[in-house]
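A.B. asks: just coords:
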């Protein structure tokens, strides 16, 4: 059918004439003519109004035709690709979660599903995320991790009294999510007879220790395990150690809330009232060059490894929220989180930022930065997830977004707070009593208290970061001497690892390294787990 005969050409001609004679068209034609003339085009070759209109119409028709015939198809294809991309990204996320869940699940041998039992032992004094990471690596080589905790008595005999007592250290180890069983009263130095008894009594398949040698009186403590072919080593967690933490606490002055530095390190004031010295100066009696900043490199990889198995709360989950600084994560924290779990089935621990902790507890604190503190909390088996940089004041939006049904806090607060959120009268945990007075700022627990979801639970002990600092400074001279000695050893370790060639073959990241010179070979779950997590290990025969 010829549709051209239906077009009202007379009307079209009138419209074209009006467009050609309008002032706007005239100005456009003049402007184009001047522009072409300016670049050397002869005047008799410049387009008139009809030619310009025809060109403009051709361009419009071409663009419209392209969009109608091809553009819409491209849009459809783009939407289809976006849908496919979203599906692919979801598949990748699901696969990542499944891979990470291997960290929190029992790994079995391919053929028999035999349980592989791993033994680790140590003092674990002032337990930190470096210890937890060692537990994670050790457990990844088997299916069950049994941890022996050295007794106060044997530690004292060998190297002086520990900062934390037996019960405090045991509770921290028991609270780690990577640990399956805990054995107390283990001697600091295990002789062959005791090690043989441990292997037999607890059905141990492999004894695991860090890659630094454990030599006592010229003899390797784990020599008998090596001869039995039951000894494995794991690389240490770089950038963190008990020595490093002790050094941070020793680098403190005596005026906790002062706005200026105190240079009198022999002042007899309470050692918890101190101001941080960020860099050791010429007058410092510690190892020159040591400062309080952390050398630990927090990557998303290590956070994901610690968060392996973390899942979002279900639709019917009863979410419990516990906030704090969690500085120097200790047995008091573990006990509080264990009690918090009784108020629901999903515990979220809020970790305050360094700035928030610093503003309320003085320039000495926090001793550990937010990433370090978050890893320690993530390693606790009573915690399901961590809220980084948690708001100091609990808000209505926060309660609604996280679906919080209970907010829990303890009764013990670190000395030096600008105010004590739990006063003596309020420690009865009766939330109907008159709330404490907050002279400096808003009550961070006002909303949950008004909503009736605040629960104040009695703290199991009086441990706080300042109390731990007190214990260190009570034996300052001994710890200074010990710190200086250990610091030299650690520097030598890192010099050998990175400063010399051929010394760091077992510290390869992202792969499994077997000490082929010894002919070692892992079987079953140990090899499977090591390959899964990219573990560097070696076996002695």
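C.D. replies: That came in fine, so what should we check first? Quick caveat: nothing in here was measured; it's all calculated off a predicted structure.
A.B. asks: Show me the shaky parts of the chain.
C.D. replies: 1-6, 9, 96-113, 216-217, 252-295, 363, 413-441, 494, 497-541 (pLDDT under 70).
A.B. asks: longest helix of this structure?
C.D. replies: In the chain, with assignment by DSSP state H, the single longest helix is helix 72-101.
A.B. asks: Off-centre distance for it?
C.D. replies: Relative to its parent chain, helix 72-101 has a centroid offset of 27 Å by C-alpha atoms, centre = their mean, to the nearest Å.
A.B. asks: Give me the number of neighbouring residues for residue 193.
C.D. replies: Using other C-beta atoms under 10 Å, residue 193 has 9 neighbouring residues. Backbone N, C-alpha and C define where each C-beta goes, glycine included.
A.B. asks: Name the surrounding residues that touch the helix or strand containing it.
C.D. replies: Here residue 193 is covered by helix 192-201, with elements defined by DSSP states H and E. Helix 192-201 is contacted from outside by 119, 148, 183, 186-187, 190, 204, 207, 221-225, 228, 230, using C-beta atoms under 8 Å, 6 or more residues apart in numbering.
A.B. asks: and with 10 Å instead?
C.D. replies: By C-beta atoms under 10 Å, 6 or more residues apart in numbering, the residues outside helix 192-201 that reach it are 117, 119, 121, 146, 148, 183, 186-187, 190-191, 204-207, 219, 221-225, 227-228, 230.
A.B. asks: Tell me the buried residues within these.
C.D. replies: Buried subset of the contacts of helix 192-201 (neighbour count, 16 or more other C-beta atoms under 10 Å): 117, 119, 121, 146, 148, 183, 186-187, 190, 204-207, 221-222, 224-225, 228, 230.
A.B. asks: Just those residues: which are in helices?
C.D. replies: Filtering those for helices - DSSP H - leaves 224, 225.
A.B. asks: Phi and psi next, for residue 407.
C.D. replies: phi -120, psi 130 (degrees, to the nearest 10).
A.B. asks: right, and it touches residue 399 too?
C.D. replies: Yes. Under the criterion of C-beta atoms under 10 Å, residue 407 makes contact with residue 399 at 8.1 Å.
A.B. asks: and whichever strand or helix holds residue 493, how far from the chain's centre?
C.D. replies: Taking DSSP H and E as the definition, one finds residue 493 inside helix 476-494. In terms of C-alpha atoms, centre = their mean, the centre of helix 476-494 is set 27 Å apart from its chain centre.
A.B. asks: Can you give me the buried ones in it?
C.D. replies: Going by neighbour count (16+ other C-beta under 10 Å), the buried part of helix 476-494 is 479, 480, 482, 483, 484, 486, 487, 490, 493.
A.B. asks: That one packs against which elements?
C.D. replies: helix 242-250, helix 465-474 (3 or more C-beta pairs under 10 Å, 6 or more residues apart in numbering; DSSP states H and E).
A.B. asks: immediately after the shortest one, which helix or strand?
C.D. replies: Meaning helix 242-250. helix 300-306.
A.B. asks: which residues of the stretch 101-250 of the chain fall in strands?
C.D. replies: Under the criterion DSSP state E, counting those that start in this stretch, the stretch 101-250 of the chain contains strands at 117-122, 144-150, 181-186, 206-210, 215-216, 219-220, 231-234.
A.B. asks: Serialize these to TSV and add fields for distance to residue 346.
C.D. replies: Output for the strands of the stretch 101-250 of the chain, formatted as TSV (distance: least, C-beta to C-beta, whole Å):
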stretch	distance to residue 346
strand 117-122	29
strand 144-150	25
strand 181-186	25
strand 206-210	32
strand 215-216	45
strand 219-220	45
strand 231-234	31
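A.B. asks: wait, which of these is closest to residue 43?
C.D. replies: Proximity to residue 43, assessed across the strands of the stretch 101-250 of the chain by C-beta to C-beta, is greatest for strand 231-234 (87.0 Å).
A.B. asks: Direction included, what does the closest one pair up with?
C.D. replies: strand 206-210 (parallel), strand 538-540 (antiparallel) (DSSP bridges).
A.B. asks: Can you report how many residues lie near residue 79?
C.D. replies: Residue 79: 10 neighbours (other C-beta under 10 Å).
A.B. asks: gap between stretch 134-147 and the chain center?
C.D. replies: With C-alpha atoms, centre = their mean, you get 20 Å for stretch 134-147.
A.B. asks: list the buried ones in it?
C.D. replies: In stretch 134-147, counting by 16+ other C-beta under 10 Å, buried: 134-147.
A.B. asks: which two of these lie the greatest distance from each other?
C.D. replies: Most distant of the buried residues of stretch 134-147, by C-beta to C-beta, are 134 and 143, 17.3 Å apart.
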